[in-house]
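Peer 1: What follows is a predicted structure for the sequence shown.
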Amino acid sequence: LGLEENAEYYVIIPGTAIRNNTSSPDYWDGITTPLEWSFSTVVDASVPELEGWTPQDTIEGTHPTFTLTFVENVMLGEAGGMLTVTAKDSVNPSLELPITEDDIVDNLVTIEYDTMETGGLNINTTYVINIEADVLINEAGNAWEGKTWEFTTGDTFTTPVEPGKTLAEFKVYPNPFNDRIRID
């Protein structure tokens, strides 16, 4: 049984409730009026406030890392959610990236992706990023309102390469092909 939200309370402790344990016990005076010890319960109804996000404006290359920085710590909401990236002149998302608990550290959400698994983005293209409401919540359980913003990719393709690895060159021919294809 808890206390009611947004309510005023006071505490009364009778003078006979607490005494010392000497041979001639003395009783504490107690708290006998509501003005001596009162308090109110308040519920944190504030939604998580976004402090900053990336990418913004025009970026170099075509492979951004998406970050959200909040004023307070956040966590994944019950339903979870996705970050979608859609070219401004399209209705079909170019990327749909799940947001997971692993993406969240305190007040920072970092969403990275592997272009080999998800595909990449085009050069010189404006994209709309959307994260729906309720994907993230604060410690009080209040849901974030979500966000939609835009950024534009640069004029060169970004191909991430793991450290110590190199990209191999290959040829595919003939182009166009009929029944067979050759890869060197």
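Peer 2: Perfect, thanks for sending it.
Peer 1: what bits of the chain have low per-residue confidence?
Peer 2: Applying pLDDT under 70 to the chain flags the ranges 1, 159-167.
Peer 1: can you pull out the helices in it?
Peer 2: All helices of the chain, identified by DSSP state H, fall at 115-118.
Peer 1: Verify the stated contact: residue 92 with residue 84.
Peer 2: No. Residue 92 lies out of contact with residue 84 (C-beta atoms under 8 Å); the separation is 10.0 Å. Glycine gets a C-beta too; all of them are placed from N, C-alpha and C.
Peer 1: the more surrounded of those two?
Peer 2: residue 84 (18 against 8; other C-beta atoms under 10 Å).
Peer 1: Leaving out the residues flanking it, which one is nearest to the more buried one?
Peer 2: residue 93 (4.5 Å; C-beta to C-beta, 6 or more residues apart in numbering).
Peer 1: swap in residue 12?
Peer 2: Per C-beta to C-beta, 6+ apart, closest to residue 12 is residue 31, 6.0 Å.
Peer 1: What of residue 106?
Peer 2: In space, residue 106 is closest to residue 73, 4.9 Å off (C-beta to C-beta, 6+ apart).
Peer 1: Check residue 64 too.
Peer 2: Counting by C-beta to C-beta, 6+ apart, the residue nearest residue 64 is residue 55, at 4.2 Å.
Peer 1: My guess is the one you found contacts residue 151. True?
Peer 2: Yes. The pair residue 55 / residue 151 is scored as a contact, 4.3 Å apart, by C-beta under 8 Å.
Peer 1: overlap in contacts of those two?
Peer 2: residue 64 (C-beta atoms under 8 Å, 6 or more residues apart in numbering).
Peer 1: For residue 89, give me its contacts.
Peer 2: Contacts of residue 89 (C-beta under 8 Å, 6+ apart): none.
Peer 1: Specify the beta-bridge partners of residue 76.
Peer 2: residue 136 (DSSP bridges).
Peer 1: Number of residues surrounding it?
Peer 2: Residue 76 has 17 nearby residues by other C-beta under 10 Å.
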